[in-house]
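# everything below, folded, please.
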Amino acid sequence: MTLRCLVALLWLARFAPAQAPKCLAVEGEHIVAGDLAASLPAFGQLDPETPVALTPMPGVRRVFRWYELAALAKRYGLEAGSPSDACFERKMENLDRDKVLEEMRRTLALKDARIEIVETSADPVPRGRLEFRREDLGRPALLSSPTPVTWRGSVIYGDNHRFSIWARVAISARQPRVVAAEYLKRGEPIGAAQIRVETVEGFPVAGEVAQSIEEVAGREMSRDLVAGSEIRVAQLIAVPDVSRGEMVDVEVRSGAARLLLTGKAESSGRSGDMIAIRNMTSNKLFQARITGKGKALLDAGRAHGN
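Coordinates of the predicted model:
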């Protein structure tokens, strides 16, 4: 009776949950034969780079039970022997603040930018390439304020997988900005003498504030702007090459024939746009394509389908 109990206990012990084995950290996209050889030496007969299973996602463990390893060995024609359980996890590491700072500087591309990392996500991350995109950078309520903001990023690892990370940063930089030197009226072309460039210290906001005279001069404001105000790119409107009510020089082509006439624009547009023009002699409207400042072209042959 005692012998039977002992045999039964040994049999149950074979299938009882074992203490979890120590996990081996792997870096690639696959658990390979070389990784498994530590738990089942028979896998050492294969090319060590032979993929056997997918590497688990970050933070997840993959445990191969002894019977799974035996089945895997059989699939590859190997003699399993008496395998023990094996555990694998993706290799992780602490987030490197120096690398975070380096990537942030690369993204901002501002030589004199001051970046202070106040805090970063604390969880271990997979090995990979850091990415902090400009559009994922928060902004303070006041651009002149040194208040830290959150910058969300990613670790790109394996086959283009992304692992989310974040950092709290205080950023400031000296940047040029264009301001109105005098009152700018909506709808009127802006002259170079009406604006000036200033250098200010503050939070860098890409593409929002005009930074050079060339960006602004010759354009129009979408609204009135008082002197001393910064000029935002979104407030600028390109001056049309032809404005409604303007007299336009029209070149009419019909085969090899050329004819020049002057008409009145009934709509506004820029080079390449089709606009309505009124013939001042016949008072009829026709469509012509703008070719430059105060100029348009009418291809009479094409207009008639020839």
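# now do the contacts for residue 275.
If you count contacts by Cβ atoms under 8 Å, 6 or more residues apart in numbering, residue 275 has them with 242, 265-269, 287-288, 290, 296. C-beta: built from backbone N, CA, C; applies to glycine.
# quick check: mean pLDDT across the helix or strand that contains it?
Following DSSP states H and E, one finds residue 275 within strand 274-279. Averaged across strand 274-279, pLDDT comes to 94.
# does residue 135 belong to a helix, a strand or coil?
Three-state assignment for residue 135 (DSSP: H, G, I helix; E, B strand; the rest coil): helix.
# for the one 5 residues further on, same thing?
Recorded secondary structure, residue 140: coil (three-state DSSP).
# and residue 135, how close does it get to residue 152?
10 Å (Cβ to Cβ, to the nearest Å).
# neighbour-wise, which of the two wins?
The residue with more neighbours, out of residue 135 and residue 152, is residue 152; 15 against 6, by other Cβ atoms under 10 Å.
# helix or strand for the more buried one, which one?
strand 149-157.
# now residue 288
Using DSSP H and E, residue 288 falls in strand 285-292.
# what's the angle between that strand and strand 274-279?
Orientation check (axes from the mean of the first three to the mean of the last three Cα atoms, to 10 degrees): strand 285-292 against strand 274-279 gives 120 degrees.
# how about the contacts made by the nearest residue to residue 235 once chain neighbours are set aside?
Once flanking residues are discounted, residue 235 sits nearest to residue 222: 5.1 Å by Cβ to Cβ, 6 or more residues apart in numbering. By Cβ under 8 Å, 6+ apart, the residues touching residue 222 are 186, 234-237.
# swap the cut-off to 7 Å and go again
Listed by Cβ atoms under 7 Å, 6 or more residues apart in numbering, the contact set of residue 222 reads 186, 235, 237.
# next, it: phi, psi?
phi -80, psi -10 (degrees, to the nearest 10).
# repeat for residue 108
Dihedral angles (degrees, to the nearest 10) for residue 108: phi -70, psi -40.
# going forward, the N-terminal residue is numbered 4.
Got it, first residue is 4 now, which makes that one residue 111.
# and for it, the neighbour number?
17.
# so which residues of the stretch 204-309 of the chain form strands?
Applying DSSP state E, counting those that start in this stretch to the stretch 204-309 of the chain gives strands spanning 223-224, 239-240, 250-257, 260-268, 277-282, 288-295, 298-302.
# tell me which of these sits nearest to residue 30.
Ranking those by their distance to residue 30 (criterion: Cβ to Cβ) puts strand 239-240 first, at 49.9 Å.
# strands paired with that closest one, and their directions?
strand 223-224 (antiparallel) (DSSP bridges).
# what's the spacing between the strand ranked longest in the chain and its chain's center?
Counting residues, the longest strand in the chain under DSSP state E turns out to be strand 164-183. Put simply, strand 164-183 sits 14 Å off its chain's centre (Cα atoms, centre = their mean, to the nearest Å).
# which helices and strands does that strand pack with?
strand 117-123, strand 128-129, strand 152-160, strand 198-205, helix 216-219 (3 or more Cβ pairs under 7 Å, 6 or more residues apart in numbering; DSSP states H and E).
# buried residues in the last one?
Put plainly, it is helix 216-219. 216, 219 (16 or more other Cβ atoms under 10 Å).
# cool, the fourth one as well?
Applying a neighbour-count criterion of 16+ other Cβ under 10 Å, one finds 198, 205 buried in strand 198-205.
# repeat that for the third one.
For strand 152-160, the buried set under the neighbour-count rule, 16+ other Cβ under 10 Å, comprises 152, 154, 156-158, 160.
# in three-state terms, how would residue 75 be classified?
Going by three-state DSSP: residue 75 is helix.
# export the helices and strands packed on strand 164-183 to CSV and tack on distance to residue 230 and mean pLDDT?
Listed next are the helices and strands packed on strand 164-183 as CSV, based on distance: least, Cβ to Cβ, whole Å; pLDDT from 0 to 100:
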stretch, distance to residue 230, mean pLDDT
strand 117-123, 30, 95
strand 128-129, 50, 96
strand 152-160, 31, 96
strand 198-205, 10, 91
helix 216-219, 14, 93
